[in-house]
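A.B. asks: quick check, what structure comes out for this input:
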Amino acid sequence: MIKKSNPVVYFEIPVNDIERAIKFYKEVFKFDFEKENIDNNDMALFPFSDENSGISGALAKGDIYKPTNDGVVIYFGAENIDTILELATAKGGQILYPKKNIGIGLVAEFEDSEGNRIALFQSK
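C.D. replies: You can find the predicted model right below:
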């Protein structure tokens with residue numbers, strides 16, 4: 001039985017080159033990562049704070065991790081979608097879904113350095 005709260009508690013974004021992915025996400029989002037090896041998989045843990053709402057996750061490199069832009073889509077909160085899209089494309093990403101107003105806010109999607117579809121949400 002799933003707890004009666006938000007059902008998603010953690011995510012992992014598959015990568016082929018952990019150092020390239022860390023560099024990409026640091027430059028685009030200004031994230032700092034904590035590196036670990038879990039079950040022989042290289043992980044770069046995204047920041048997490050118990051005081052903030054939301055979930056966190058990791059960049060994950062290992063035999064079971066296959067980057068794709070055809071699978072689950074992760075949405076990152078954005079203060080300014082335009083700035084993030086500019087940084088993502090400047091660092092080798094490409095826009096997959098241009099910025100669009102969906103009423104409750106703005107959304108967009110880009111492909112990261114590893115070939116994953118990453119989405120953005122900016123509230124109004």
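
A.B. asks: quick one: low-confidence ranges for this protein?
C.D. replies: Flagging of the chain using pLDDT under 70 yields the residue ranges 1-4.

A.B. asks: let's see 80
C.D. replies: With pLDDT under 80 as the threshold, the chain has low-confidence stretches at 1-6.

A.B. asks: how would you label Glu19: helix, strand or coil?
C.D. replies: Secondary structure for Glu19, judged by DSSP: H, G, I helix; E, B strand; the rest coil, is helix.

A.B. asks: what's the burial count for it?
C.D. replies: By the criterion of other Cβ atoms under 10 Å, Glu19 has 13 neighbours. Placement of C-beta: from N, CA and C, glycine included.

A.B. asks: and it, what does it touch?
C.D. replies: By Cβ atoms under 8 Å, 6 or more residues apart in numbering, the contact list for Glu19 is empty.

A.B. asks: ok, which stretches of the protein are strands?
C.D. replies: 10-14, 34-38, 41-45, 56-61, 74-77, 94-101, 105-111, 117-123 (DSSP state E).

A.B. asks: go through those strands and name the closest to Thr83.
C.D. replies: Set against Thr83 and scored by Cβ to Cβ, these come closest in strand 117-123, at 10.1 Å.
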